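[1] fold the following.
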Amino acid sequence: MYPEGHPSLAPAAEGVMKRLEDLLATHSQLALGVARNQLVIEGVATDSRNPVLTDLANRLHAHQLGAISFLRGVTAFEVQNFLRLVATDAHRSGDPLGLQPSARRNVIPHVRMYPVAYDRLQLVEDEASDAPDTREQRAARTRAAQLWVGLARAAMALEELDEDEDADDTQVDPSLVARAISEHQRGEAYDQVIVGYLLQIADELKTAGGADALQLKQRMTQLVSHLEPKTLEKLLEMGGDNSQRRRFMMDAAEGMTVDAVIKLVHAAAQAQGQTVSHSLLRILEKLAHHAEAGGGTRAGVADQSVRDHVSELISEWSLTDPNPDSYTLALQQMARSSPMFRVSAESAFKPDSQRIVQMALEVGVAGPAVLNAAQDLVEHRQFPWLKQLIEDADVPEVTGVIWRELATVERLQEVLETDPLDAEMLDGLIPKLGTAAAEPMIEALIESESRQKRRILIDRLIELGSMVAPLAIARLADSRWYVQRNMLAIIGGLPEIPAGFGADDFFRHPDQRVRREAYRIMFDHPELRERAISRSVSDPDPQNARMGLAAALEGCPRTAIPLVVTRATDREQPSEVREAAIRVLGRIDDGSVREVLLGIVQPRRTLLRTRLPAKTPEYLAALRAIQRFRGDRRVDAALRAAAASRDPEIIEATRAPVNPRHERT
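    So this is what the prediction gives:
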């Protein structure tokens, strides 16, 4: 990671670009999942022992990024800008990319950065033990906790719009994590992150011991048991090639509980195209029951037997069907000679819908049979195949007829009523319907109780552009806070503020989530930005205040400086709010600011000696911020006193680079 302006940066970006061109020639995008010590690329996790890739994963993780996608059409200039962004030290800047609003984060047209957030999670600590922990035990506990929180954090990557909803979501509940994974519709980039954590957890459980590993093992068992079979199978398909998938299963067989192992075996068999005998699975399940329910030597023998059998089964997988050919043939003959249900001759010889559509496109003729076949494909959830076939065909006289039959407002309403929402079909219908799609989508957004569905609809409405502005403004008259919040989110995502719209009316709204969206709209418009920063910095909601302070980092208006000072010095404020305010003060070249920072960092004189202030995030932030005023006698004395400390964090803070000057003095 070269600093900006380094002569090697452009050649490095060109090197990355050459690799991307080859990959994107056959793929529409390249998705990179980010785990703490690994990247997951096209389902394959990198070696956590590789120092270069581990450092890159750590750097991206520090920016609180869960995944990155490079889209076809990316240029070397865009790659260079991306490298410049992620090369910034998130710890020193205090402004991770993942915490920035989407409009600021995704400024590179063909690069998408997906955030994940810890703020919805809580760790419940175990009861304190009388015996002091060793360094190895503390490291093991930290590692187990980090892996679980990282997985939950990635799985429950919640939309910023819903940060304050549903208090139950703050619990690290495996069933909630499983439900979030099953219901998520973010696509390949999301799956990459989940796979990366599953690989790391399986590897950790293989060797970890103690109460913390046991707790992680129990959580993973609950997670696997609550995952839908299709979801688990899909994740295992993402787990790379057969050898890596096999290694993951071997690690799981050694470290996870036997119930989880049995379910993983079944899903892995499906993902790898293997067939496992039902009788064998029943035997393994019976052994697992003895292992879980029994005690003493017998339970231990049953537990080890399950793991040994699973390991042998996985290591010997080589045939797509383990049954003898003669046995398989006999089963096929039995199935043909004695059908379980009688079918009519008409349904037995019913033409295949896919073939009918293909033939229609080949001969260039459409009729009732073709339209019925297209309807049948949609009803049987084969719309993606049909859409791709139509797009690849150059037969407008047929494709136009099919689209007129499928792309109707009624069809769109049927799709909007489904749960989970079929995003792929929605994306196929919206371009054909145009403005006619906006009204039903807004109505569905208002009525939906699904967070993922609301996210998809808001994104698609924003993509429709300025045509949705009048509809969103009209819905602002609805007194329900969540309706107003969602409409403001749509308006804020549009390229320009619609004529006649004023966000000021919502600055005094009693709900902090509505005020938050009003602030976001005004932050992005220079003529409104100063007023928005002043109002948000003084907002009683801490999250709104932090958002305003983050915006002030890019330029704090003079009128907001007293408000920032108040936030920085008020000890009743949350620590993270005070720290954010102090970082803003470090960007302001003003004598009054210097006095405020001195009041935080100056050593306290006692009768016998001089004592440094307590090491808090606010103190460390003030040490970094006050370096702008080096050369002042009192400032230099305070920094020398801190540098003489034996604490490495305090020493490091005294060496932080001076922040650039953004403000007009």
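[2] any idea of the mean pLDDT for whatever helix or strand Q543 lives in?
    Per DSSP states H and E, Q543 falls inside helix 542-552. Helix 542-552 carries an average pLDDT of 91.
[3] also stretch 440-452?
    Taken as a whole, stretch 440-452 carries a mean pLDDT of 89.
[4] kindly report the same for stretch 87-100.
    Mean pLDDT, computed over stretch 87-100, is 76.
[5] between the two ends of it, how far is it?
    16 Å (Cα to Cα, to the nearest Å).
[6] repeat for stretch 630-648
    Criterion Cα to Cα; first-to-last residue distance in stretch 630-648 is 21 Å.
[7] all strands of this structure, in order?
    Along the chain, the segments classed as strands by DSSP state E run 29-34, 39-41, 44-45, 65-71, 111-115, 604-605, 610-611.
[8] make a markdown table out of these and add distance to P96, mean pLDDT and mean neighbour count.
    C-beta here means a position set from N, CA and C on the backbone, and glycine is covered the same way. Shown next, in a markdown table, are the strands of the chain (distance: least, Cβ to Cβ, whole Å; pLDDT from 0 to 100; neighbours: other Cβ atoms under 10 Å):
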| stretch | distance to P96 | mean pLDDT | mean neighbour count |
| --- | --- | --- | --- |
| strand 29-34 | 12 | 80 | 23 |
| strand 39-41 | 18 | 78 | 24 |
| strand 44-45 | 23 | 70 | 22 |
| strand 65-71 | 8 | 83 | 23 |
| strand 111-115 | 8 | 82 | 21 |
| strand 604-605 | 33 | 82 | 10 |
| strand 610-611 | 33 | 84 | 11 |
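[9] ok so, going back, now the helix holding Q543, how far from the chain's geometric center?
    Relative to its chain's centre, helix 542-552 lies at 22 Å (Cα atoms, centre = their mean, to the nearest Å).
[10] return the set of buried residues in that helix.
    Q543, N544, A545, R546, M547, G548, L549, A550, A551, A552 (16 or more other Cβ atoms under 10 Å).
[11] what is it packed up against?
    When contacts are defined as 3 or more Cβ pairs under 8 Å, 6 or more residues apart in numbering; DSSP states H and E, helix 542-552 packs onto helix 512-523, helix 526-537, helix 561-569, helix 575-585.
[12] let me know the angle separating the shortest one from helix 542-552.
    If I follow you right, that is helix 561-569. Direction vectors for helix 561-569 and helix 542-552, defined by axes from the mean of the first three to the mean of the last three Cα atoms, to 10 degrees, enclose an angle of 120 degrees.
[13] for helix 561-569, the distance to its chain's centre please.
    How far helix 561-569 lies from its chain's middle: 33 Å, per Cα atoms, centre = their mean.
[14] by how many degrees do that helix and helix 526-537 diverge?
    30 degrees.
[15] got the strands of the chain as TSV, with distance to A360 columns?
    Listed next are the strands of the chain as TSV, based on distance: least, Cβ to Cβ, whole Å:
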stretch	distance to A360
strand 29-34	32
strand 39-41	40
strand 44-45	40
strand 65-71	33
strand 111-115	37
strand 604-605	85
strand 610-611	85
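[16] for L361, find the nearest of the ones you listed.
    strand 29-34 (27.6 Å; Cβ to Cβ).
[17] quick one: residues in contact with the closest one.
    20, 23-24, 39-42, 57, 60-61, 65-72, 187-189, 191-196 (Cβ atoms under 8 Å, 6 or more residues apart in numbering).
[18] before we move on, what about stretch 547-556?
    Residues contacting stretch 547-556 (Cβ under 8 Å, 6+ apart): 95, 99-100, 516, 519-520, 523, 529, 532-533, 535-537, 539, 560, 564, 567, 577, 580-581, 583-584, 587-588, 662-663.
[19] quick one: closest of the strands of the chain to S353.
    S353 lies closest, by Cβ to Cβ, to one member of the strands of the chain: strand 29-34, at 30.2 Å.
[20] can I get stretch 13-31 in PDB, CA atoms only?
    The C-alpha trace of stretch 13-31 is given here as PDB (Å, rounded to 0.1, in the frame of the first residue of the first chain):
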ATOM      1  CA  ALA A  13      -2.700  -0.100 -10.000                       C
ATOM      2  CA  GLU A  14      -1.900  -1.100 -13.600                       C
ATOM      3  CA  GLY A  15      -0.800  -4.500 -12.400                       C
ATOM      4  CA  VAL A  16      -4.000  -5.100 -10.500                       C
ATOM      5  CA  MET A  17      -6.000  -3.800 -13.500                       C
ATOM      6  CA  LYS A  18      -4.400  -6.400 -15.800                       C
ATOM      7  CA  ARG A  19      -5.500  -9.200 -13.500                       C
ATOM      8  CA  LEU A  20      -9.000  -7.700 -13.300                       C
ATOM      9  CA  GLU A  21      -9.300  -7.400 -17.000                       C
ATOM     10  CA  ASP A  22      -8.700 -11.100 -17.500                       C
ATOM     11  CA  LEU A  23     -11.200 -12.100 -14.800                       C
ATOM     12  CA  LEU A  24     -13.900  -9.600 -15.700                       C
ATOM     13  CA  ALA A  25     -13.800 -10.800 -19.400                       C
ATOM     14  CA  THR A  26     -15.700 -13.800 -18.300                       C
ATOM     15  CA  HIS A  27     -17.400 -12.500 -15.100                       C
ATOM     16  CA  SER A  28     -19.700  -9.600 -14.600                       C
ATOM     17  CA  GLN A  29     -18.000  -8.900 -11.200                       C
ATOM     18  CA  LEU A  30     -15.300 -10.100  -8.900                       C
ATOM     19  CA  ALA A  31     -16.400 -10.300  -5.200                       C
END
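[21] and it, what's buried?
    For stretch 13-31, using 16+ other Cβ under 10 Å, the buried residues are A13, V16, M17, L20, L24, Q29, L30, A31.
[22] in JSON lines, list the residues you listed along with distance to P51.
    Formatted as JSON lines, these follow (distance: Cβ to Cβ, whole Å):
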{"residue": "A13", "distance to P51": "22"}
{"residue": "V16", "distance to P51": "19"}
{"residue": "M17", "distance to P51": "24"}
{"residue": "L20", "distance to P51": "23"}
{"residue": "L24", "distance to P51": "28"}
{"residue": "Q29", "distance to P51": "28"}
{"residue": "L30", "distance to P51": "23"}
{"residue": "A31", "distance to P51": "23"}
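[23] show me the domain layout of this protein.
    Per the record, the chain has its domains at 12-115, 353-530, 553-654, by automatic domain parsing.
[24] may I see the ones you listed arranged in a markdown table, with distance to T221 as well?
    Formatted as a markdown table, these follow (distance: least, Cβ to Cβ, whole Å):
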| stretch | distance to T221 |
| --- | --- |
| domain 12-115 | 21 |
| domain 353-530 | 25 |
| domain 553-654 | 35 |
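[25] L147 is nearest to which of the ones you listed?
    Closest among those, once you apply Cβ to Cβ, is domain 12-115, at 7.7 Å.
[26] and the closest one, how far apart are its ends?
    Domain 12-115 end-to-end distance (Cα to Cα) = 25 Å.
[27] thanks a lot, see you next time.
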